[in-house]
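> Structure for this input, please:
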Amino acid sequence: MKLHWAVGTLCVLLAAVSYVRAEDKPADSAAAAAAAAPEKKATGGGRMTQPWSKMSSLSDDQKDKIKAIHTKANDDIKAIHEKERADIVALLSDDQKNEVKTIEENAAAAKKTSAAAKKDDTATAAPAAAAAPASEKKEGDAAK
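Now for the predicted structure:
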């Protein structure tokens, strides 16, 4: 029963972290990322997540402490995932370990292919979107 509570609590914690991370807005450009990098080192790492990032009344000290707490929580979660994986892999036979490795390599390759395709779609969508209004205008002129 205690195991069920522990697993449930861990799931809720992971869901909350996922939700908070999903609320974060990614940097719009490389320049913004480059500008944020020196600030990250100066403040000790981490980043402000919502709702904390939207609060205007936090002092710099409070912001630094929140970032430190967030960073520690992320590190703890990463350590839990690594331990879980190590414990599970320890249970597997050599054939099963090889099967897991193959599955993970295939997933990584599929992810890379998907990212490349998405990048290509984004690059081709911009010229197509610019051309669409011109073709619609021609169709409108033909109707008159």
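
> three-state assignment of residue 49?
coil (DSSP: H, G, I helix; E, B strand; the rest coil).

> begin at 9 from here
Will do, 9 is the new start, and the previous item becomes residue 57.

> my read: it touches residue 78, true?
Yes. If you go by C-beta atoms under 8 Å, residue 57 and residue 78 touch, sitting 6.1 Å apart. No exception for glycine: its C-beta is placed from N, CA and C like everyone else's.

> Walking through the chain, point out its strands one by one.
Remark: no strands are assigned in the chain by DSSP state E.

> So, low pLDDT: which residues of this protein?
9, 18-19, 21-54, 132-152 (pLDDT under 70).

> can you do 50?
34-51, 152 (pLDDT under 50).

> all helices for it, in order.
10-31, 38-51, 68-99, 102-151 (DSSP state H).

> Give me the distance between residue 10 and residue 91.
18 Å (C-beta to C-beta, to the nearest Å).

> more neighbours, these two?
Using other C-beta atoms under 10 Å, the more surrounded residue of residue 10 and residue 91 is residue 91, with 10 against 6.

> Distance check, that one against residue 16.
Per C-beta to C-beta, residue 91 is found 18 Å from residue 16.

> Same check on residue 125?
In terms of C-beta to C-beta, residue 125 sits 38 Å off from residue 16.

> any idea how far residue 77 is from residue 113?
Relative to residue 113, and taking C-beta to C-beta, residue 77 is found at 36 Å.

> okay, now residue 124: neighbour count?
10.

> One more: residue 58?
14.

> just residue 63 next, same as before
12.

> For it, give me phi and psi.
phi -80, psi 130 (degrees, to the nearest 10).

> what's the distance between it and residue 76?
Residue 63 is 16 Å from residue 76, by C-beta to C-beta.

> how about residue 66, phi and psi?
Torsion angles, degrees, to the nearest 10, at residue 66: phi -80, psi 140.

> Please tell me I have it right and it contacts residue 75.
No. Counting by C-beta under 8 Å, residue 66 does not reach residue 75; the two are 10.7 Å apart.

> what does stretch 108-127 rub up against?
Residues outside stretch 108-127 that contact it (C-beta atoms under 8 Å, 6 or more residues apart in numbering): 97, 100.
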